[in-house]
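> next one to model:
(chains A, B, C and D)
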2 protein chains.
Amino acid sequence: MTPLTGYVGYALRRAQQTIFADCNHALAKLNLRPGQFAVLLTIDQNPGASQSSVSAALGIQKANFVATIADLENRGLVRRRKSDTDGRTYSLSLTPRGRSLLQHASELQSVHEARVTAQLGNEGRQQLLCLLERLMALPGAGQLK
Amino acid sequence: MTPLTGYVGYALRRAQQTIFADCNHALAKLNLRPGQFAVLLTIDQNPGASQSSVSAALGIQKANFVATIADLENRGLVRRRKSDTDGRTYSLSLTPRGRSLLQHASELQSVHEARVTAQLGNEGRQQLLCLLERLMALPGAGQLK
DNA sequence: TATTGTTATACTCTATAACTATA
DNA sequence: TATAGTTATAGAGTATAACAATA
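Prediction:
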């Protein structure tokens, strides 16, 4: 049957589901979903950033980010501190436990990424990343609102 | 900020969202979502197929396929006929109106696909399709159940 | 026993509008 | 006025268990 061969959108969706399932399985030991991993990584790379800036960088609506960040805070992985200079914003940072978990998660993610590399080859993986980056620059993209 | 560069899974997710939004916008005039387009196309290419086989080919749980097919039937696009040889199954086919809509949708989809090709080049698009197909063959994939 | 289609249910992700408090 | 964070809500997509009818 195998329908829809040759449609980039469909191939993207199926490949994304496959890779997501593999990544999800890799991180499940830490009770982390891929999206949560992305949040922790972004906060680690941008300590002190606000919720809005982190959620915007990840393409997540700020409204939908509230529950995510609350969960990570409740688990003792993320710290929210009221900004000194702007009473509206919270400064996000990782707790020591958050950094430790992220370190562990990064190792698991590396194993997952190695499976991808084993499948595509190093060159193929680089090609794919380059092509996907170009796709994200599609005219009209980023105008979700 | 731009985090998570170099992660295939993350790049896939973002690119898929971009392409999906573009495809969704292209088909919105027909009140068709990309998933419904895929269903119509699969039925057209496999007339008489059962719900189970179509949903399995598209990676959709049969339970979740019920509402989808009911909607397409209610809109007069898909016909469900009880099989002569197997009283359990329904044979799916497109109505004339379904074929007409699919024809129109295919044209809109082609315009969308042309935008992708304009972004990646013909060669880049072919490379991407090839790489995504290899990704879907990732060991452990297709074992969702 | 196994399979098809179905119902019920639940969880995740996403999208929008409206509110508050701060700026 | 505009922005940050919040709440409420709704719509997709996806996953599992269990059932009736049929094989």
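> run through who's touching stretch A:76-84.
If you take CB atoms under 8 Å, 6 or more residues apart in numbering or on different chains as the criterion, stretch A:76-84 is touched by A:39-40, A:43, A:50, A:69, A:72-73, A:89-95, A:97-98, A:101. Any C-beta I mention is one placed from the backbone N, CA and C, and that applies to glycine too.
> mind checking which of these are buried?
Those of the contacts of stretch A:76-84 that meet the buried threshold are A:39-40, A:43, A:50, A:69, A:72-73, A:89-94, A:98, A:101, by 16 or more other CB atoms under 10 Å in any protein chain shown.
> tell me the two of the residues you listed that are most distant?
For these, the maximum inter-member distance is 24.5 Å, found between A:89 and A:101 (CB to CB).
> would you map the strands across chain A?
For chain A, the strands defined by DSSP state E occupy A:78-82, A:90-94.
> for DNA strand C, which of those is the nearest?
With respect to DNA strand C, and counting by CB to the nearest atom of the strand, the nearest of the strands of chain A is strand A:78-82 at 9.0 Å.
> how far off strand A:90-94 does the closest one point, in degrees?
Put simply, strand A:78-82 runs at 150 degrees to strand A:90-94, going by axes from the mean of the first three to the mean of the last three CA atoms, to 10 degrees.
> would you mark the buried spots in strand A:78-82?
Using 16+ other CB under 10 Å as the test for burial, strand A:78-82 gives A:78, A:79.
> and the closest residue to DNA strand C within chain A, how many neighbours?
Minimum separation of chain A from DNA strand C (CB to the nearest atom of the strand) falls at residue A:87, amounting to 2.6 Å. The burial count assigned to residue A:87 is 7, neighbours taken as other CB atoms under 10 Å in any protein chain shown.
> do the same with residue A:132
Residue A:132, neighbours per other CB under 10 Å, totals 24.
> pretty sure it contacts residue B:15?
Yes. At 4.2 Å, residue A:132 counts as touching residue B:15 under the criterion of CB atoms under 8 Å.
> with respect to residue A:123, which of the buried ones among the contacts of stretch A:76-84 is nearest?
Nearest member of these to residue A:123, counting by CB to CB, is residue A:40, at 30.0 Å.
> perfect, I'm done here.
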